[in-house]
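Asks: what follows is a predicted structure for the sequence shown.
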Amino acid sequence: MSGRSGGARGGSGKRSGKRGGATAGGFSGRSLKTRVRTAKGRGSSSTRWLQRQLNDPYVEEAQRRGYRARSAFKLAQMDDKLRLLRRGARVVDLGAAPGGWSQVALERIGPEGRVVGIDLEEVAPLAGADFLVGDVREPEALAQLEAALGGPADLVMSDMAASATGHGPTDHLRTMALVEAALDIAEALLAPGGGFVAKVLQGGTEAGLLSRLKRGFKTVRHVKPPASRKDSAELYVVAVGFRGGGAETPETPGRHET
């Protein structure tokens, strides 16, 4: 369940700075390719994995910039496009390990903001972030997060995905269960106007969950950032404009964008 991988309070927060340059979102993702030969004791699948890692420009760039995971670029690219992280925001990172998304959040919300993450495993300390150990599917996780956050959240984000079984329908259902658990937490913690970001699998968000998102948020869309590998089934559902826990009336339906 570990992470691979809204608006600011009151809706008036300013951006923490220009995008691009030294920030994760400014990277183009281009690099030269390296071939990996099959070695004794290394199977063809291991060789393919190693070649993909060596030829992945985001892996190399993440290491160069000190990000804990290439997934940092996914959040940065979504934020560049959708303006999810604002200066001074309170951010919750569900399935935070190894901490790449928290790093990007801290860069963009500034020192007056707050990041609280939670994961099944301990996350290495990161200046400016509070990491908890817990299971987001258990009620205790919400109490832990509320105590650490010190106020309503402006963005709840989740890069969680269930461990792959190799059976597509099963993997989809297990990951969607994590999305629902993340949304339960978001609905309990978000301030009005806040946002929610979560990983889903190809096929997008199931109808029941999508309907729930549209009741609770003004705008809902699916996004596949450039850093998400083309052969990956992952997408992200992004919901902004939290309505404050009250279901909308039929006259004010949430919008769904692609």
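Replies: That came through fine. Numbering: from 1, shown residues only.
Asks: for the rest of this, base every contact and every neighbour count on C-alpha atoms.
Replies: Noted.
Asks: poorly predicted segments of this protein, please.
Replies: 1-55, 203-204, 245-258 (pLDDT under 70).
Asks: and the contacts of the longest strand along it?
Replies: The single longest strand within the chain, with elements called by DSSP state E, is strand 190-201. For strand 190-201, the surrounding residues in contact (CA atoms under 8 Å, 6 or more residues apart in numbering) are 6-11, 84, 152-161, 172, 175-176, 179, 182-183, 186, 233-244.
Asks: show me just the buried residues among the residues you listed.
Replies: Among those, those classed as buried by neighbour count (16 or more other CA atoms under 10 Å) are 6-9, 11, 84, 152-161, 172, 175-176, 179, 182-183, 186, 234-244.
Asks: so which of those residues are in strands?
Replies: 153-158, 234-242.
Asks: farthest pair in those residues?
Replies: Farthest apart among these by CA to CA are Ala153 and Glu234. That separation is 25.1 Å.
Asks: so where do the strands sit in the stretch 51-200 of the chain?
Replies: With DSSP state E, counting those that start in this stretch as the criterion, the stretch 51-200 of the chain has strands at 90-94, 114-119, 129-133, 153-158, 190-201.
Asks: reformat those as JSON lines; add distance to Val220.
Replies: Formatted as JSON lines, the strands of the stretch 51-200 of the chain follow (distance: least, CA to CA, whole Å):
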{"stretch": "strand 90-94", "distance to Val220": "19"}
{"stretch": "strand 114-119", "distance to Val220": "23"}
{"stretch": "strand 129-133", "distance to Val220": "28"}
{"stretch": "strand 153-158", "distance to Val220": "14"}
{"stretch": "strand 190-201", "distance to Val220": "9"}
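Asks: which one of these lies nearest to Trp101?
Replies: strand 90-94 (7.4 Å).
Asks: neighbouring strands - and their directions - for that closest one?
Replies: In the sheet, strand 90-94 lines up against strand 114-119 (parallel), strand 153-158 (parallel) (DSSP bridges).
Asks: make TSV out of these and add distance to Arg215.
Replies: Shown next, in TSV, are these (distance: least, CA to CA, whole Å):
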stretch	distance to Arg215
strand 114-119	26
strand 153-158	17
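Asks: wait, which of the ones you listed is closest to Met78?
Replies: strand 153-158 (11.6 Å).
Asks: can you give me the helices in the chain?
Replies: 44-54, 57-65, 72-82, 100-109, 139-149, 168-189, 207-216 (DSSP state H).
Asks: the shortest one to helix 72-82, inter-axis angle?
Replies: In this case it means helix 57-65. Angle of helix 57-65 versus helix 72-82, following axes from the mean of the first three to the mean of the last three CA atoms, to 10 degrees, is 100 degrees.
Asks: circling back to that earlier point, so which of the strands paired with strand 90-94 gets nearest Glu61?
Replies: strand 153-158 (22.4 Å).
Asks: ok, Thr94 - contacts?
Replies: Quick fix: residue 94 is Leu, not Thr. Leu94 is in contact with Gly3, Gly117, Ile118, Asp119, Val136, Val156, Met157, Ser158, Asp159, Met160, Ala182, counting by CA under 8 Å, 6+ apart.
Asks: between the residues you listed, which sits nearest Arg64?
Replies: Closest to Arg64, out of all of the contacts of Leu94 and judged by CA to CA, is Gly3, at 20.4 Å.
Asks: direction included, what does the longest strand of the chain pair up with?
Replies: Sheet pairing for strand 190-201, using DSSP bridges, gives strand 153-158 (parallel), strand 234-242 (antiparallel).
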